[in-house]
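Turn this into a model:
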Amino acid sequence: MIHYPAKILIAFGEAIDENKKFLYWLMNNGYPELAALTNALHTNDEAFKWLMKNKYPHFGAYVKAVWDDEKALEWLKTNEFDLMAKFAEASRGDENALKWFASHKLQIFVILSKKVYAYKQRKLDDLSDYHKIQF
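This is a model prediction of the structure:
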């Protein structure tokens, strides 16, 4: 993730916030993996499968770790995807992980982590409110 240009990470952040314009821009401008990552974060199983099939297992593990899969987080650490593991922890709201990114002058990951965390909380709130459940 650290090798993407800042403007691409900003577009990714907008896509996390469910701005479809940025999602499609990522998809159509050479970053389908970030579009798939966004959709997988939004609980799209087909996007998760695409990540796994197209050699982005670290992105798939990140998604699962964000959604509290401890084995996925451990897989990231064991396979030396340390930045992705830290990103997953920060995206879960871990203050130490957020501070780590800030102390390493990686503010974009603080912002992205907070966007992912906010999305996850909204999604969990929707799932717990029976008025919002779609049948």
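
Please name the nearest non-neighbouring residue to Lys86.
Ala97 (5.2 Å; C-beta to C-beta, 6 or more residues apart in numbering). C-beta here means a position set from N, CA and C on the backbone, and glycine is covered the same way.

And the one you found, how far from Pro32?
Ala97 sits 27 Å away from Pro32, going by C-beta to C-beta, to the nearest Å.

pretty sure the residue nearest to Lys86 is touching Met84, no?
No - in this structure Ala97 lies outside contact range of Met84 using C-beta atoms under 8 Å: 11.4 Å.

Output the longest helix belonging to this structure.
Criterion DSSP state H: the longest helix present in the chain is helix 107-128.

ok so, going back, out of Ala97 and Pro32, which sits in the more crowded spot?
Using other C-beta atoms under 10 Å, the more surrounded residue of Ala97 and Pro32 is Ala97, with 20 against 16.

Against which helices or strands is the helix or strand the more buried one falls within packed?
Assigned by DSSP states H and E, Ala97 belongs to helix 95-103. Counting contacts by 3 or more C-beta pairs under 8 Å, 6 or more residues apart in numbering; DSSP states H and E, helix 95-103 packs against helix 82-91, helix 107-128.

how far does it sit from the chain's center?
Remark: helix 95-103 is offset 16 Å from the chain centroid, using C-alpha atoms, centre = their mean, to the nearest Å.

Now do the closest residue to Arg92 other than its chain neighbours against Leu112, distance only.
Closest residue to Arg92 apart from its sequence neighbours, by C-beta to C-beta, 6+ apart: Val66 at 6.3 Å. Distance, Val66 to Leu112, using C-beta to C-beta: 11 Å.
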